[in-house]
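Trainee: What shape does this take:
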Amino acid sequence: LPTLVKGLVACATDDSSEVRLKAVSVLKNVAKVDASAMQPHLPVVLPTVLSALSDRHPNVKAKAERALRYCLWLNTGEVDEAANWLKTNEGKVFRAKINDALLKRTSLLPEYSDASDTSDVE
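Mentor: I've put the predicted structure just below:
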């Protein structure tokens, strides 16, 4: 997984919005299938996802919201677990960019909140 994450993080800054979309989508899918496997990689993955939240292409932004949702276990509706992680030594560095409002909004996303999400891993 470390090699895959490293490659996806690199692709997430590509000039092509399609490449960025695919990279963020794969990060989202890995987190969706096994968020605990993604947890050790959050210090590398979260800056990428947070950057993608500001992407100029709406599909990349939407996919980044979904990636954040699964990376921080927000799909469970439990904002507390994410908030607790953000209080740890690893998570504190992200606290300035991931506020309570973003956690709440992301946790409330419907199961499929962007058109491309329906083709992803179930």
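Trainee: pull the helix or strand with minimum mean pLDDT from this structure.
Mentor: Least confident helix or strand, the chain: helix 79-85 with a mean of 82, by mean pLDDT, DSSP states H and E.
Trainee: Remind me what that one packs against, helices and strands.
Mentor: Judged by 3 or more CB pairs under 8 Å, 6 or more residues apart in numbering; DSSP states H and E, the packing partners of helix 79-85 are helix 100-107. For the C-beta atoms, the positions are set from N, CA and C on the backbone; glycine is no exception.
Trainee: What is the helix it packs on packed up against?
Mentor: Helix 100-107 packs on helix 58-71, helix 79-85, going by 3+ CB pairs under 8 Å, 6+ apart.
Trainee: hang on, the earlier thing: format the CA atom coordinates belonging to the next helix or strand after the least confident helix or strand of the chain as PDB.
Mentor: With elements assigned by DSSP states H and E, the helix or strand that comes after helix 79-85 is helix 89-92. Output in PDB follows, covering the C-alpha atoms of helix 89-92 (Å, rounded to 0.1, in the frame of the first residue of the first chain):
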ATOM      1  CA  ASN A  89      -0.100  14.000  17.600                       C
ATOM      2  CA  GLU A  90      -0.600  12.800  13.900                       C
ATOM      3  CA  GLY A  91      -3.900  14.600  13.500                       C
ATOM      4  CA  LYS A  92      -3.100  17.900  15.100                       C
END
